[in-house]
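>>> Provided below are the primary sequence and the corresponding predicted coordinates.
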Amino acid sequence: MDDEKKVTETLLGLGVLGALIYGLTRLKKEEIPPGEGAASISISVLDAQGNPVSHNSPTNLYEGETYTVKVSVTNKSTKAAAPYAATLTITNQSTVDGIGVTPSAPRSDNYSADQTLDFNYTMAVPAGTAGAFGTLHFYVKDPSGNQLAEAYEDISIVAHELVAAIGPGVIFNSDLGSWVDITSGMTITYGLDNTISPEWINYSDIPIAGHVTLKVTYPNGTSVNLTAIENQDAVADPMNGKMVQFAPFNTNQEGTYHLHAEVSSGGKLLNSVDFTLVVVAAIIYGATITITT
């Protein structure tokens, strides 16, 4: 009753126009609530070519690669049930094995009603970190510090699978006169210098450097590791390869030569191949051959 009496006295004192203004002001105060802050946030990861990385649990990221973490924030604030402009602050708390990644300071931006802003963060994954785990974690706050939304994605750092194959390649000597594909068990001439270039192919999904070794075991059991003279540790793109040329060796013994070639990358053996070459003495036509019995 006291409040009603005060309102009546106020209206009588203000007159008709003042009472109208007073009523509208009071109505506005009673019917329009304060704004309510709200937001949504999402995370996506792009590779170096801008392609989306598949979401898994966790999402695999390769060591030694650089990614873009795209964060999208939408202002969902309302006032009197209507979309409303707001100032929102995005904070990054992403970590890998407890160490902060994609470092950045919190940033505040003015959003119009229902506006979405995208933010890109660069994440360089150091080499040698395969096996580490972490979380991409971002959240949004209003000017009063109230958390409105958060998004996170678990990640795992993995190593690229290195895959390669190696074959005997090609051989050259003065008797052949040109480079010839090697088939295991092929016959070559006695007493010649032979140059061999094994060929390896990169079947990985990234470029790799191929290190090739070639060992020759003579018919008498002696083994020699030949020296690479061309294309050693050369980098090949996926589905491409290299021929690695080795210093020549002489076929100064008759019989079967056993050869073993290996390709490795980063110290990891990827593939090997074994093959043989058969050496026979040259036949000199017209020569007299004496057979002692």
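Looks like it came in fine.

>>> quick one: the nearest residue to Tyr257 once chain neighbours are set aside from Glu230, how far?
Computed as C-beta to C-beta, 6 or more residues apart in numbering, the closest residue to Tyr257 that is not its neighbour in sequence is Leu277, at 4.5 Å. Just so you know, the C-beta spots here come from the backbone N, C-alpha and C atoms, and that holds for glycine as well. Using C-beta to C-beta, to the nearest Å, we find Leu277 at a distance of 20 Å from Glu230.

>>> out of these two, which sits in the more crowded spot?
Comparing Leu277 with Glu230 by other C-beta atoms under 10 Å, the one with more neighbours is Leu277, at 22 against 13.

>>> in the host helix or strand of that one, what counts as buried?
Taking DSSP states H and E as the criterion, Leu277 maps to strand 268-280. For strand 268-280, burial by neighbour count (16 or more other C-beta atoms under 10 Å) applies to 270-271, 273, 275-277, 279.

>>> mind listing the residues bridging to Leu61?
Ile157 (DSSP bridges).

>>> show me where the stretch 151-293 of the chain has strands.
164-172, 180-181, 186-189, 193-202, 208-217, 223-225, 228-230, 234-236, 241-243, 245-246, 249-250, 255-265, 268-280 (DSSP state E, counting those that start in this stretch).

>>> relative to Thr95, which of those strands is closest?
strand 268-280 (29.2 Å; C-beta to C-beta).

>>> and the closest one, what does it pack onto?
strand 164-172, strand 186-189, strand 193-202, strand 255-265 (3 or more C-beta pairs under 8 Å, 6 or more residues apart in numbering; DSSP states H and E).

>>> try it again at 10 Å.
strand 164-172, strand 186-189, strand 193-202, strand 208-217, strand 255-265 (3 or more C-beta pairs under 10 Å, 6 or more residues apart in numbering; DSSP states H and E).

>>> can you redo these as a markdown table with distance to Thr59?
Formatted as a markdown table, these follow (distance: least, C-beta to C-beta, whole Å):
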| stretch | distance to Thr59 |
| --- | --- |
| strand 164-172 | 27 |
| strand 186-189 | 51 |
| strand 193-202 | 26 |
| strand 208-217 | 24 |
| strand 255-265 | 26 |
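
>>> nearest to Thr87, of the ones you listed?
Among those, strand 208-217 sits nearest to Thr87 (C-beta to C-beta), with 49.1 Å.
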